[in-house]
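Visitor: return atomic coordinates for the entry below.
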Amino acid sequence: MSAADGSFAFEGLPDGEYRLHAALQGFAPADEAIHVLAGRPLSVSLRLWVLAFDKVVVTAEKAGERDAQAAPLAISVLPGAELLRAGVKSVEGVAGLAPAVTFSQNTGFAQLTIRGIGTNAIFTGADPSSAVYVDGVYLARPAAVLADFLDVERVEVLRGPQGTLYGRNAVGGALNVLTRAPSDTLRAEARVEVGSLSELRAEAAASGPLVKDRLSGSVSLLRGVRDGFVRDLDHPDHPLGGDDVTAARGKLRMALGARSDLVVSGDVTLEDPTPLTYAKVLAVKPGFEIDNPQGFRDVRTSTLADSRNLQYGVSARLTTPLSATTTLTSLTAYRNLDYDVLVDTDITELALAATHVHELQHQWSEELTVSGQGARLGWVGGVYVLQDVDRQPTSVLLPSAGLENRLEPAVDTSTAAAFGQATLAITRRLSAVAGLRYTHERKSIDSSGQIAPLDLSSQPLAGTPYAFTDAITDDAWTPRVALELSAGAQGLAYVSATRGFKSGGFNATSRAPGLGYAPEWAWSYEAGFKRTLLGGRARLNLAAFHTDYEDLQVQTTIRPGLQEITNAAAAHIGGVELEGVLRAMGRLQLGGHAAWLDARYERYVAVGVGGVTGDVSGNRLSNAPEWSGRLWLEWGAACGRLGMLSLRAESRFQSTVYFTPFNDGVQRQSGYGLLDASAELGPGRWSLTAYARNLTGTDYITGSFGSPPPAIGGRPGEPREWGLRLAVQR
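Guide: Next up is the predicted model:
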């Protein structure tokens, strides 16, 4: 052991060459060659590399902060620094970074799938099956999910039904985006990024005290542009799939006492990109001749695509103690969405169909929770209410037929829930968890519209009005029970059973009431363990699960302007997920995950394009690969005054996925992998990062569309990209 000043003394050490070896628990040992001469003192500087992991804190269980490794559920935590390094700019980029998470989108409408549970039903009257939250506020509409990340601290991905604490529409799981809170010390940073496709992106954030010990605030800004990566040969100045985003967020934190505070937050995002739909022709239908460009990311369209997405929101989170062991939290929020998009839905140069959707939605919500922690009992309980008003005027233009299909559905949703969950320590190591949620939900629809000649002076076609009103009410009890066996700081093992629920809805293209669909349900049974190994240098998490999925809601587009959502009778899903990370000896780190998923329909007669039906029992669920995984390696070296050089390589892979229940050979994506690499110099007051993504230039699609009259189309994935990012901070 060293003296208090860090010095060592070795008595009677003969002159000569020696090797000094230094070791400290939680750090990699270091060695240094020294030369002893005539007992002269030596000054030696050693750099010890951290081997132990930082504690990853989550709030997923709504009872305050908790170490993720001590939470008895399948949860992945993606820190903001890791998301930045991986180039993740929105929820879409989280796909592949956590086990059994995939993502697709229909022209700006998000389709998140967790453990094989998601939905392609994105229009008014339908809800997602896997939920997305920002700072605990539920995003009710798929068009609100794809806003760019801004000043993100971490993303928590909860896998499996979250029906007890999160409630409705978290049948597959929940994804919670947590942004950084105002700090009590001054923090300022800025990043500028340039890259391929003429990308230019700038972000800035500042945080700090405004009134000492009483008031602190933060502000963050974003401006980004990037050309599209799909060339529209008919509109060469408007490539598809680009970025044009401006966003801002501000927060104020007011200390109301020693343990009480109020955090008020506001954000706004304006996106004005050229949208990309399923624009690449995968197969031409009989009776049509089209010009399908040879390049995978070259397309032809007859309609100039355009979109604009404006969304904003405010929230207030009040946290105050009721006693030394009990805390009250109130989260009040309002959000507004205005999404306007026009795309070519015949996906060819033929002027056959174009669709214009304008979604106008607003929501407000209130969640009131009380949590407590005693010597043996921890608990949380609360109530939740949500009011969601959604309007979605839609026009499907059919120039070749001289017709316009107009829809004007308006859906109002009211939700109220009460929930509670408790954890009881039966022994020092064994705990039991029990929770229950009751949800009451009412939806009403007022739909109008008709098919009319494009000549607006003409009368609507006889028998084509969509005018109807309808209302449904659903009630659900969603429990959770679990047993947890703790191994202290080394980890835990758990088993659990939980139920998920998503309410029923309406087919907006119906012409009469009573033609909607029923709720969907899932019971999931899970066993897992979390283990910290090798003296804190490694973590290994394993989860195995089986889900009975009943009455799942599946949407089929029969033709442009006509969607039908029905309940599949049943499906079963089983899987195993393995996550791990290792700080190897020296300066090497590696980590990743692997997932096996068996997600199949048990009983389902599906409806396809044109109203064709077929028994798809035994087929795989959509966007649910049997195998998927991720592997990353990172190596670092000291570079003197320049700081650290960090080199990182990352690969993600998945096996074949299908995009319809029919599992046909066209609307599918074969297995593929993506390889990324980056080099970062810093970090400190400044850092410089060079990166390349999809190094191998892999061609792949993330979704498909079978209803266009002339062809079946797919949405191309992003190509090879490169860039440089400069960051400064203080």
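Visitor: quick one: low-confidence ranges for the stretch 501-650 of the chain?
Guide: For the stretch 501-650 of the chain, the stretches with pLDDT under 70 are 559-561.
Visitor: what segments of it are helices?
Guide: With helices called from DSSP state H, counting those that start in this stretch, the stretch 501-650 of the chain shows none.
Visitor: just to be sure, residue 489 is in a helix?
Guide: Yes: using DSSP: H, G, I helix; E, B strand; the rest coil, the assignment for residue 489 is a helix.
Visitor: Provide a list of residues in contact with it.
Guide: residue 532 (C-beta atoms under 8 Å, 6 or more residues apart in numbering). Quick note: C-beta positions are derived from backbone N, CA and C, even for glycine.
Visitor: so for it, what's the pLDDT?
Guide: Residue 489 is assigned a pLDDT of 77 by the prediction.
Visitor: cool, residue 188 as well?
Guide: Looking at residue 188, the pLDDT reads 96.
Visitor: identify the residue nearest it in space, chain neighbours excluded?
Guide: Excluding the flanking residues, the one nearest residue 188 by C-beta to C-beta, 6 or more residues apart in numbering is residue 206, at 4.5 Å.
Visitor: what about that neighbour, distance to residue 688?
Guide: 21 Å (C-beta to C-beta, to the nearest Å).
Visitor: neighbour count winner among those two?
Guide: residue 206 (18 against 15; other C-beta atoms under 10 Å).
Visitor: OK, contacts around the more buried one?
Guide: Neighbours of residue 206 in contact, by C-beta under 8 Å, 6+ apart: 186-189, 218-220.
Visitor: which helix or strand lies directly C-terminal to the strand or helix carrying the residue nearest to residue 188?
Guide: Using DSSP states H and E, residue 206 sits in strand 199-211. Using DSSP H and E, the helix or strand that directly follows strand 199-211 along the chain is strand 215-226.
Visitor: before we move on, the earlier item: of the contacts of residue 206, buried ones?
Guide: Among the contacts of residue 206, the ones that count as buried by 16 or more other C-beta atoms under 10 Å are 189, 218, 220.
Visitor: can you add distance to residue 327 and give the residues you listed back as TSV?
Guide: As requested, these are exported to TSV (distance: C-beta to C-beta, whole Å):
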residue	distance to residue 327
189	31
218	23
220	28
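Visitor: tell me the one of these nearest residue 62?
Guide: For the buried ones among the contacts of residue 206, the minimum distance to residue 62 (C-beta to C-beta) is 23.2 Å, reached by residue 218.
Visitor: now that closest one: how far from residue 437?
Guide: For residue 218 relative to residue 437 (C-beta to C-beta), the value is 33 Å.
Visitor: what does residue 260 give?
Guide: Relative to residue 437, and taking C-beta to C-beta, residue 260 is found at 27 Å.
Visitor: low pLDDT regions in the stretch 51-200 of the chain?
Guide: Using pLDDT under 70, the flagged stretches of the stretch 51-200 of the chain are 51-58, 60-61, 63.
Visitor: what about the helices in it?
Guide: Under the criterion DSSP H, counting those that start in this stretch, helices of the stretch 51-200 of the chain are mapped to 80-85.
Visitor: and the strands in it?
Guide: Listed in chain order, the strands of the stretch 51-200 of the chain (DSSP state E, counting those that start in this stretch) span 57-58, 66-67, 75-79, 101-106, 109-114, 131-134, 137-138, 152-159, 173-179, 187-195, 199-211.
Visitor: how about those in a markdown table, adding distance to residue 355?
Guide: Formatted as a markdown table, the strands of the stretch 51-200 of the chain follow (distance: least, C-beta to C-beta, whole Å):
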| stretch | distance to residue 355 |
| --- | --- |
| strand 57-58 | 40 |
| strand 66-67 | 46 |
| strand 75-79 | 34 |
| strand 101-106 | 11 |
| strand 109-114 | 12 |
| strand 131-134 | 24 |
| strand 137-138 | 27 |
| strand 152-159 | 32 |
| strand 173-179 | 28 |
| strand 187-195 | 31 |
| strand 199-211 | 29 |
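Visitor: which one of these lies closest to residue 398?
Guide: Using C-beta to C-beta as the measure, strand 101-106 is the one of the strands of the stretch 51-200 of the chain that comes nearest residue 398, at 19.6 Å.
Visitor: which of the residues in stretch 344-364 are buried?
Guide: By neighbour count with 16+ other C-beta under 10 Å, stretch 344-364 contains the buried residues 344-350, 352-359, 361-364.
Visitor: likewise stretch 676-688?
Guide: Under 16+ other C-beta under 10 Å, the buried positions of stretch 676-688 are 676, 678, 680-682, 687.
Visitor: kindly report the same for stretch 290-308.
Guide: 292, 296-297, 299-303, 305, 307-308.
Visitor: same thing with stretch 149-163?
Guide: By 16+ other C-beta under 10 Å, the buried positions in stretch 149-163 come out as 149-152, 154-163.
Visitor: over to stretch 405-412?
Guide: 405-411.
Visitor: hmm, which two among the residues you listed are most spread apart?
Guide: Farthest pair in these, by C-beta to C-beta: 405 and 411, 18.9 Å.
Visitor: okay, now the domains of the chain?
Guide: Using automatic domain parsing, the domain parsing of the chain gives 1-48, 57-107+124-313+329-729.
Visitor: how much space separates residue 220 from residue 370?
Guide: According to C-beta to C-beta, residue 220 stands 31 Å off from residue 370.
Visitor: quick one: residue 639 from residue 681, how far?
Guide: In terms of C-beta to C-beta, residue 639 sits 7 Å off from residue 681.
Visitor: which residue is nearest the middle of this structure?
Guide: residue 91 (3.7 Å; C-alpha atoms, centre = their mean).
Visitor: grab the nearest non-local neighbour of it.
Guide: Nearest non-adjacent residue to residue 91 (C-beta to C-beta, 6+ apart): residue 145, at 5.4 Å.
Visitor: state the number of residues packed around the one you found.
Guide: Applying other C-beta under 10 Å, we find 24 residues neighbouring residue 145.
Visitor: surely it meets residue 110?
Guide: Yes: the criterion here is C-beta atoms under 8 Å, and residue 145 meets it with residue 110 at 3.7 Å.
Visitor: tell me, what's touching these two both at once?
Guide: 91, 128, 132.
Visitor: return the closest of the residues you listed with respect to residue 140.
Guide: The nearest one, if we look at these relative to residue 140 and count by C-beta to C-beta, is residue 128, at 8.7 Å.
Visitor: the closest one contacts residue 118, doesn't it?
Guide: Yes: Residue 128 is within contact range of residue 118, at 7.4 Å (criterion: C-beta under 8 Å).
Visitor: shared neighbours of the two, anything?
Guide: 111-112.
Visitor: so where's the stretch 201-350 of the chain uncertain?
Guide: Using pLDDT under 70, the stretch 201-350 of the chain has no residue that qualifies.
Visitor: where do the strands of it begin and end?
Guide: With DSSP E, counting those that start in this stretch, the ranges of strands along the stretch 201-350 of the chain come out as 215-226, 231-232, 243-255, 261-271, 280-284, 298-299, 306-321, 326-344.
Visitor: any idea which of those gets closest to residue 138?
Guide: strand 326-344 (8.4 Å).
Visitor: ok, residue 260 and residue 437, which is more surrounded?
Guide: residue 437 (25 against 14).
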